[in-house]
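[1] Sharing a model that was predicted from the sequence below.
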Amino acid sequence: MKSFLVALIGLWLGFAVPVQAAGKWVATPYAPARVVFEFYLDDPQKIGSALYWVRSLMNPLQAAPYNYSPEDLKIVVVIHGTEIVTVAKKNEAKYQEAVDRMRYYADLGVAFKVCGQAAEDYGYVVRDFQDFIEVVPNAITELVHWQQLGYALIVPQILDKKINIESIR
């Protein structure tokens with residue numbers, strides 16, 4: 001309404017004032033996702049932020065207008081960075097919130113896979129991991145495998161927030 005009044009006053013005074021159009025909502029016709037996430041984090045504390053990427057994929061697809069069920073979504077998470085410690089049973093208390101979230105996603109059908117080479121580097125064996133974890137020979141070959149099957153690769157970018165959103169709006 002304000003833009004209209006400004007334009008009207010501008011015309012009355014003899015000059016044109018452009019009216020800015022507003023953005024519009026578009027419901028892209030998404031298909032059920034087939035995604036492999038690569039988690040290779042430099043700090044195990046970043047696992048929570050990486051898991052938000054999984055949530056950010058799943059939630060919109062399960063909501064209207066898409067209404068896909070968890071079974072419709074094919075999601076794999078390949079873990080091979082410092083976050084590997086978050087899925088070791090001995091560290092469960094330290095990373096309880098992340099473990100609970102991963103177990104929740106696993107119950108919805110998300111497959112969590114740990115690189116066997118990375119596990120060995122950390123001194124872990126298969127029995128050291130949570131029961132929802134599958135240990136695979138190698139993260140890189142696992143990522144290639146899923147991409148060859150048509151899964152999209154998503155690599156979460158977990159940045160340290162340096163700017164307050166309110167200060168840059």
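    Sure thing, it's come through.
[2] Break down the protein into its strands, ranges please.
    Per DSSP state E, the chain carries strands over the ranges 34-39, 74-79, 111-115, 133-136, 152-154.
[3] List the buried residues in the fourth one.
    Buried residues in strand 133-136, counting neighbours by 16 or more other C-beta atoms under 10 Å, are found at Ile133, Val135, Val136. For every residue, glycine as well, the C-beta is placed using N, CA and C.
[4] Could you dump those residues into JSON lines and include pLDDT?
    Shown next, in JSON lines, are those (pLDDT from 0 to 100):
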{"residue": "Ile133", "pLDDT": "98"}
{"residue": "Val135", "pLDDT": "98"}
{"residue": "Val136", "pLDDT": "98"}
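[5] Please, where are all the helices along this structure?
    2-13, 47-62, 96-107, 116-121, 139-148, 165-168 (DSSP state H).
[6] What does the pLDDT read for Lys113?
    At Lys113, the pLDDT value in this model is 98.
[7] show me the contacts for it.
    Counting by C-beta atoms under 8 Å, 6 or more residues apart in numbering, Lys113 touches Val76, Val77, Val78, Ile79, Ile133, Glu134, Val135, Val136, Ala139, Glu142.
[8] can you tell me which of those residues lies nearest to Ala93?
    Ala93 lies nearest to Ile133 out of the contacts of Lys113, by C-beta to C-beta, at 17.0 Å.
[9] Does Val36 touch Trp146 like I think?
    Yes: Val36 is in contact with Trp146 according to C-beta atoms under 8 Å; the separation is 3.8 Å.
[10] Need the residues touching each of the two.
    Common neighbours of Val36 and Trp146 (criterion: C-beta under 8 Å, 6+ apart): Val76, Val78, Leu153.
[11] Please list only the buried members of the residues you listed.
    Counted by 16+ other C-beta under 10 Å, the shared contacts of Val36 and Trp146 give Val76, Val78 as buried.
[12] among the strands of the chain, which is nearest Asp160?
    strand 34-39 (17.1 Å).
[13] Sheet partners, orientation included, of that closest one?
    strand 74-79 (parallel), strand 152-154 (parallel) (DSSP bridges).
[14] Show me the shaky parts of this protein.
    Within the chain, the ranges that satisfy pLDDT under 70 run 1-18.
[15] Spatially central residue for it, please.
    By C-alpha atoms, centre = their mean, the chain has its centre lying nearest to Trp53, at 1.3 Å.
[16] could you dump the strands of the chain to a markdown table with distance to Gly48?
    Below are the strands of the chain laid out as a markdown table (distance: least, C-beta to C-beta, whole Å):
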| stretch | distance to Gly48 |
| --- | --- |
| strand 34-39 | 11 |
| strand 74-79 | 13 |
| strand 111-115 | 15 |
| strand 133-136 | 17 |
| strand 152-154 | 17 |
